[in-house]
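Asks: Okay, predicted coordinates and the sequence, questions at the end:
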Amino acid sequence: MKQISPKLMGAALALATLASGCKKDIDTYFTEVGGQYPTLRSVLGTATFGSGTGTNIKFITGEVIPIEIQFAQQTSPLKQIVILQKIEPSRDSTVVQTVAYAPAFSKRKNADTLVVNYVVPAGANKANVRVDARVDAQNGQTKFASFNFRLAEATPTVAVNSGPTNVTLGTTSTGNAPGDVVRYNLTLNAGGINTATLFTTAGILYKDLDSLNVYATVGTAAERRIDRRKLAATGAATTLNVDEPLPAGSAGQTVAFRFEATVRAPARRTSATAATGVAVVAPTPFSGTVRTGALTYAGTTGGDLAAYDLTAFAPIAAASAVTTKDLAISSTASNAVQFKALNTTRYVRSTTAVYTAATLTSVRQVYTAAATAAQVTALDNIVVGDVILVKLRGLDQYEALQVTGINRTSTTDVTVNFSVKAL
């Protein structure tokens, strides 16, 4: 008969006691009380164009926002999803919509998804609106997630502050001809702000501007849009100059301008018509007589015939007052002729087509439209056929000059012939 060693018997009893004690501790420590909470990963309202970003999202009453909710059940099946809202200054939330649960698993997002079209409620401008999504499980457990936005004014405003000012002439609404650029000064969203951190923030919170449309009515003809300008995406008050050329064919008639500011989403627009129209006159022609002139450069000083007076249409002696020297040959270095104004006259290089059709009005318009950097006191590399538009001595006087011949008599000496269209 086999006998069990007392030592082995003691070890076995010790192991049994230890195992019994561990089981009891695990059962007590991991006792589950109630069901598990459902998972609610995110709730996100999709901002439309011009609605801001991050914490500065803004919507208008009646706007429809798609809200996407990502969630998952745990140990207990889901019962429903509830959408609630709270509108500042109220402290109470109200139920907007209750949606019965239906499985809609997205492999890409690894969660159930639900998209709800939420209609933005009415409220005071700048009021904060909190939207809550609540997921309810059948075991009574719930989970919340939220996002916030502020209520904005939907419709922009337009005010015409001043105008018309004839930019081409530099004077107010006199002698306006087709093609002249007239300026109106506008303010959009007067008193407007782009974002608001508090309900009490000063100003009106506007949706972002999108564009400015400019319409013109010539005489009794139908109105037509003549310009569309992209605006900075902001709801803040914006003051700007609007420069528009007077339409072709408007001579002898009055042109009325209307300015329309637009918001893209949801589409809103407001316009204002300038109180003062623009009376348009016919272009001022140049004289039918085309003057001719010549400059002779002799040696390093140019001699007596190296300068020309474009008001008297005559060459000027070297000893004459510099204020009369509108056109001079100042250099023939490297076989290249340079024209230079020795007074305040300025030049703009142009084209044969401009010279052929030149009137005082058209030359003024082309000159004024040129960049400031192109309005110069000196022109290099003069060649036959060059067309030069001239603004005389800082005054509202313009001429068109074309080089008709260049005759070199030595390596330094040269004669330049030209024709001039002027009043």
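Replies: Arrived safely. Numbering: from 1, shown residues only.

Asks: What's the mean pLDDT across the helix or strand that contains N161?
Replies: Assigned by DSSP states H and E, N161 belongs to strand 158-166. Mean pLDDT, computed over strand 158-166, is 94.

Asks: R150 touches Y206, doesn't it?
Replies: No. R150 sits out of contact with Y206 when judged by CB atoms under 8 Å, with a separation of 11.3 Å. Every C-beta, even on glycine, is put in place using the N, C-alpha and C of the backbone.

Asks: Between the two, which has more neighbouring residues?
Replies: Y206 (28 against 24; other CB atoms under 10 Å).

Asks: got the contact list for the closest residue to the more buried one other than its chain neighbours?
Replies: Once flanking residues are discounted, Y206 sits nearest to G235: 3.2 Å by CB to CB, 6 or more residues apart in numbering. Contacts for G235 (CB atoms under 8 Å, 6 or more residues apart in numbering) come out as 50, 58, 152-153, 189, 192-194, 205-209.

Asks: one more time with 7 Å
Replies: A152, N189, G192, I193, N194, L205, Y206, K207, D208, L209 (CB atoms under 7 Å, 6 or more residues apart in numbering).

Asks: okay, now L310: neighbour count?
Replies: Neighbours of L310 using other CB under 10 Å come to 22.

Asks: Thought L392 was touching it, still the case?
Replies: Yes. Here L310 reaches L392: they are 6.1 Å apart, a contact under CB atoms under 7 Å.

Asks: by contact count, what packs against the strand holding N161?
Replies: strand 181-188, strand 254-263, strand 268-273 (3 or more CB pairs under 7 Å, 6 or more residues apart in numbering; DSSP states H and E).

Asks: Please identify which of these is closest to N213.
Replies: Nearest to N213 among the helices and strands packed on strand 158-166 is strand 254-263 (4.3 Å), distances taken as CB to CB.

Asks: can you pull the buried residues of that closest one?
Replies: V255, A256, F257, R258, F259, E260, A261, T262, V263 (16 or more other CB atoms under 10 Å).

Asks: Please apply the same query to stretch 92-112.
Replies: Going by neighbour count (16+ other CB under 10 Å), the buried part of stretch 92-112 is V96, Y101, A111, D112.

Asks: Tell me how far that stretch lies from the chain's centre.
Replies: 39 Å (CA atoms, centre = their mean, to the nearest Å).

Asks: who touches it?
Replies: Contacts of stretch 92-112 (CB under 7 Å, 6+ apart): 41, 70-72, 78-86, 113-114, 116, 118, 132.

Asks: Drop the exposed ones from those and show what's left.
Replies: 41, 70-71, 78-79, 81-86, 114, 116, 118, 132.

Asks: What is the most widely separated pair among the residues you listed?
Replies: Counting by CB to CB, the most remote pair of the buried ones among the contacts of stretch 92-112 is L78 and K86, 23.7 Å apart.

Asks: hang on, the residue nearest to Y206 in a helix?
Replies: No. Applying DSSP: H, G, I helix; E, B strand; the rest coil, one finds G235 to be coil, outside a helix.

Asks: State the distance from it to N194.
Replies: Look at G235 and N194: by CB to CB, to the nearest Å, they are 5 Å apart.

Asks: Mark which of the contacts of G235 are part of strands, please.
Replies: G192, I193, L205 (DSSP state E).

Asks: Pull the contacting residues for the last one.
Replies: Contacts were defined as CB under 7 Å, 6+ apart; by that measure L205 touches K58, N125, K126, R150, A152, E153, I193, A196, G235.

Asks: Kindly recompute the last result at 10 Å.
Replies: 52, 56, 58, 60, 125-127, 150-153, 189, 192-196, 235-236 (CB atoms under 10 Å, 6 or more residues apart in numbering).

Asks: Ok, the first one next?
Replies: With CB under 10 Å, 6+ apart as the criterion, the residues that contact G192 are 152-153, 156-157, 203-207, 209, 234-238.

Asks: pLDDT wise, what is it at?
Replies: G192 is given a pLDDT of 97.

Asks: Bridge partners for it, pull those for me.
Replies: Beta bridges link G192 to I204, judged by DSSP bridges.

Asks: ok, so what distance separates it from Y367?
Replies: Distance from G192 to Y367, by CB to CB: 38 Å.

Asks: Next: the second one.
Replies: For I193, the distance to Y367 equals 42 Å [CB to CB].

Asks: quick one, what contacts the closest residue to L327 other than its chain neighbours?
Replies: Closest residue to L327 apart from its sequence neighbours, by CB to CB, 6+ apart: Y308 at 4.3 Å. By CB under 10 Å, 6+ apart, Y308 lies in contact with 293-295, 314-316, 324-329, 339, 401, 416, 418, 420.

Asks: repeat for A358
Replies: Per CB under 10 Å, 6+ apart, neighbours of A358: 285-286, 290, 350, 366, 387, 389, 398-402, 421-422.

Asks: for Q253, same thing?
Replies: 178, 217-221, 246-247, 277-281.

Asks: same check, this time on V322
Replies: V322 sits in contact with A307, I316, A328, A341, L342, N343, where contact means CB under 10 Å, 6+ apart.
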